[in-house]
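*Asks:* Got a sequence here, can you model it:
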Amino acid sequence: MPKSAKPKALRCPTCRAIVLPQDADLPFCSDRCRRIDLGKWASGAYKISSPILDPEVLEGLAEGHRAGRTGLSSEDEDERG
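*Replies:* Numbers count the residues shown, from 1 in each chain. Model prediction:
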């Protein structure tokens, strides 16, 4: 006979407090921890380090990079005004 399903407790990613699945702020323990996490994303403390593998995204980045280039170095552009 299978064991009864017991709610799995998680840990808040900010303060490591125990969070139950029925908590309103899941996966965080509180709105304060949610805002701290958002602030870390906004400040650049968290980064997604995986390379971009989607060919369409890579093509769009390459086109944007080519369109922004003038063929002048940054020193030449400074002199040009």
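*Asks:* All the strands of this structure, residue numbers only.
*Replies:* 10-11, 18-19 (DSSP state E).
*Asks:* List just the one of those strands that sits closest to Leu61.
*Replies:* Checking those against Leu61 by C-beta to C-beta gives strand 10-11 as the closest, at 35.7 Å. C-beta here means a position set from N, CA and C on the backbone, and glycine is covered the same way.
*Asks:* Against which helices or strands is that closest one packed?
*Replies:* Counting contacts by 3 or more C-beta pairs under 8 Å, 6 or more residues apart in numbering; DSSP states H and E, strand 10-11 is packed against strand 18-19.
*Asks:* Counting by contacts, list what the strand it packs on packs against.
*Replies:* By 3+ C-beta pairs under 8 Å, 6+ apart, strand 18-19 packs against strand 10-11.
*Asks:* List the neighbouring strands of the strand it packs on plus their orientation.
*Replies:* Using DSSP bridges, strand 10-11 pairs in its sheet with strand 18-19 (antiparallel).
*Asks:* Now do the partner strand: everything it contacts.
*Replies:* By C-beta atoms under 8 Å, 6 or more residues apart in numbering, the surrounding residues in contact with strand 18-19 are 9-12, 25-29.
*Asks:* right, and Ile36 touches Cys12 too?
*Replies:* No - with contacts defined as C-beta atoms under 8 Å, Ile36 does not count as touching Cys12, sitting 9.9 Å away.
*Asks:* ok so, going back, and the strands of the chain: which comes nearest Ile48?
*Replies:* Shortest separation from Ile48 across those is recorded for strand 10-11, at 21.5 Å, computed as C-beta to C-beta.
*Asks:* quick one, which of Ile36 and Cys12 is more surrounded?
*Replies:* Taking other C-beta atoms under 10 Å, Ile36 and Cys12 do not tie; Cys12 has more neighbours (20 against 15).
*Asks:* what pLDDT does Cys58 get?
*Replies:* Wrong residue type there; residue 58 is Leu, not Cys. For Leu58, the model assigns a pLDDT of 77.
*Asks:* ok, it - how many residues close by?
*Replies:* Using other C-beta under 10 Å, Leu58 has 12 neighbouring residues.
*Asks:* ditto for Thr14
*Replies:* The number of residues packed around Thr14, counting by other C-beta under 10 Å, is 17.
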